[in-house]
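Chemist: Need coordinates for the below:
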Amino acid sequence: MAHGSTNIKEHAHELIDRMAPGQIAAVVGLLEIMLDPVARSVANAPLEDEPISEEENRAVAASKAWLKDHEPIPHEEVLAEFGLTSEDFERMGRTPLEPHGKGQ
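Modeler: Purely as a prediction, here's the structure:
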């Protein structure tokens, strides 16, 4: 796309000036991700970097066969079996664990 004497950054500014606030927020989020080296590494990482074993293939096949005759078990129900809520699970994901053996 030719823009005459307008350089690409100026063209980007012009396009942003024409966007609705929600569109601008989406573009800003995209730019932040593009400039974040960790996010870029994750986005460019291979989908699977380890070979899948026969045991893992059998486990996946067994789970698919089980689902043919059973309803999936909701995540909340599994958590409840351990006495946890979704909120507990989310909090655990944000809280680092203490090294093994400490705090006991």
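Chemist: For the chain, just list every one of the strands.
Modeler: For the chain, applying DSSP state E gives no strands.
Chemist: lowest-pLDDT helix or strand in it?
Modeler: Counting by mean pLDDT, DSSP states H and E, the chain has its least confident helix or strand at helix 37-44, which shows a mean of 81.
Chemist: Show me what that one is packed against.
Modeler: helix 21-35 (3 or more Cβ pairs under 8 Å, 6 or more residues apart in numbering; DSSP states H and E). Quick note: C-beta positions are derived from backbone N, CA and C, even for glycine.
Chemist: Tell me the helices and strands packed up against the helix it packs on.
Modeler: If you count contacts as 3+ Cβ pairs under 8 Å, 6+ apart, helix 21-35 packs onto helix 37-44.
Chemist: Run through who's touching the helix it packs on.
Modeler: Helix 37-44 is contacted from outside by 33, 34, using Cβ atoms under 8 Å, 6 or more residues apart in numbering.
Chemist: cool, stretch 80-100 as well?
Modeler: 75, 76, 79.
Chemist: Go through those and flag which are in helices.
Modeler: 75, 76, 79 (DSSP state H).
Chemist: which of those residues tops the neighbour count?
Modeler: residue 79 (15 neighbours; other Cβ atoms under 10 Å).
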